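Undergrad: One predicted model, sequence on top.
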Amino acid sequence: MPLASLSVLSLHPEFAEEILLAQGAQSVTQVDAADDPVLEPAPGEAPLWPRTRSTGLFEESADLAPVIVALRDTLPDGATAIITTAELEEQDWVRIWLRDWKPLKFGARLWVSPRAKVGEIRDPHAVVVALDPGLAFGTGTHPSTALCLEWLAAADLAGKSVLDYGCGSGLLGITALKLGAARATGVDIDPQALVATRENALVNGVAGRIEAVAAADFVPAPCDVVLANILARPLIELAPRLIACLAPGGRIVLAGLLEQHAADVAAAFAHACAWAEPARLEGWTRLNGTLRP
C-alpha cells in the first residue's frame, strides 16, 4: 500500500521527530540534508547532522494538514522550517530499518539491538535487549531514550519495582528487568505501544514480570523507580500522578525534554522530589531525583 510522507527541515530535528510520532506517523527517519557527514562518533553515540531532514510516514489517506499546523505551532523554528509532502510506493520498510540500525552500547555492559543483529555483539558480559520494529516509539537511538538507558545502566536495580510511563516499545521497563529489577509496569495511551511492549517482553524472556496497561486503566501504586520519557507538557500535567507512584525513597527519571523546558518540568515536581544534576545530550535533558522524605 502506498504511503504519504511528510519531511521537515528544522534546526530541532529531535523535536520534529517527537511531533511527527505524536501526530500519528508510523515511522520517522532522519537523513543528512546537506552532505555533511558525522565522522567517528564515540561508542554508543548517534549524533545528528548539522542540517537534518526528518521524514514521517503516514497512511496514504492521512490528512497531513493538522500535522503541518502542529509543526508550525510547536517547533521553535516552526515559522521558517521547510516542510514538504510526497507519496511513496510500498517498500520493505523492515529491511530498510534493519540496514540502518546497529547495536548500541550504554554504560559498561548494556546493549540494545535489533533482534536480527544480536549475533553481532561479541561482549561475553553483555546484557542485551533485543527489539523488533513496530509502530511504537523507543529504540535507543533518540537522545532522550539514550539518556534514560545510560541512567539505567548505572543504577542498582536489583529487586526493584519499576514503572515505565509512556512505555512505547517497552524498552525502558524491559531493560530494567534485564538489569535486575523484579517487576515492571508499562503504561501508554497508544494500544500499539502495549502490543509492542508485550511482544518485546516475550522476545527478551521477561514477559512474566512486566504488565502493559492502558493509561485509562492504570491505578497508581508505589514503585521504587518511575521512568517517564515523554514531552514536557504531559510531564507537567502528570506530575501529581507520577509522584503518587513513588514509594518512600523512590527514584524518578524524566526525559523527552528540550533544555529550555527542563526547569518548568523540574518545578512541577520540586515540592516532592529532590533533583540531582541534570544530564544533557544533543539539546535534550534528563532529570533524575528522589522522593523527599
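TA: Thanks, I have the structure now.
Undergrad: Is A201 in contact with A207, as I believe?
TA: Yes: using C-beta atoms under 8 Å, A201 is in contact with A207, at 4.4 Å. No exception for glycine: its C-beta is placed from N, CA and C like everyone else's.
Undergrad: So those two - more neighbours on which side?
TA: Set A201 next to A207 and count neighbours by other C-beta atoms under 10 Å: A201 wins out with 22 against 17.
Undergrad: tell me the contacts of the more buried one?
TA: G170, G173, I174, L177, A207, R209, I210, A212 (C-beta atoms under 8 Å, 6 or more residues apart in numbering).
Undergrad: wait, is it part of a strand?
TA: No: assessed with DSSP: H, G, I helix; E, B strand; the rest coil, A201 is helix; it does not lie in a strand.
Undergrad: Okay, it and V129: tell me how far apart.
TA: Separation of A201 from V129 (C-beta to C-beta, to the nearest Å) stands at 10 Å.
Undergrad: Overlap of the contact sets of the two?
TA: With C-beta under 8 Å, 6+ apart as the test, A201 and V129 both reach I174.
Undergrad: Give the helix, strand or coil label for R241.
TA: Assignment for R241 (three-state DSSP): helix.
Undergrad: what's the answer for R233, then?
TA: Going by three-state DSSP, the state assigned to R233 is helix.
Undergrad: Now do the contacts for the residue nearest to A272 when sequence neighbours are not counted.
TA: Nearest residue to A272, sequence neighbours excluded (C-beta to C-beta, 6 or more residues apart in numbering): I243, at 4.6 Å. By C-beta under 8 Å, 6+ apart, the contact set of I243 is F269, A272, C273, L291.
Undergrad: and I243, how far is that from T85?
TA: 41 Å.
Undergrad: Ok, D77 next?
TA: D77 is 19 Å from T85, where distance means C-beta to C-beta.
Undergrad: Tell me the spacing between A239 and A270.
TA: The value you get for A239 to A270, if C-beta to C-beta is used, is 10 Å.
Undergrad: Also V162?
TA: 23 Å.
Undergrad: So those two - more neighbours on which side?
TA: V162 (29 against 14).
Undergrad: Where do the helices of the protein begin and end?
TA: Residue ranges of the helices in the chain, as given by DSSP state H, are 13-22, 65-74, 93-100, 143-154, 171-178, 191-203, 232-244, 259-269.
Undergrad: ok so, going back, nearest to S54 among the contacts of I243?
TA: Nearest to S54, judged by C-beta to C-beta, of the contacts of I243 is F269 at 29.6 Å.
Undergrad: For that closest one, give its distance to E17.
TA: Separation of F269 from E17 (C-beta to C-beta): 25 Å.
Undergrad: ok, now which ones touch G78?
TA: If you count contacts by C-beta under 8 Å, 6+ apart, then G78 has S10, L71, R72 around it.
Undergrad: Narrow those residues to those that are buried.
TA: Neighbour counting over those (16 or more other C-beta atoms under 10 Å) leaves S10, L71 as the buried ones.
Undergrad: Just give me the closest of the contacts of G78 to V219.
TA: Using C-beta to C-beta, the contacts of G78 come closest to V219 at L71, 35.4 Å.
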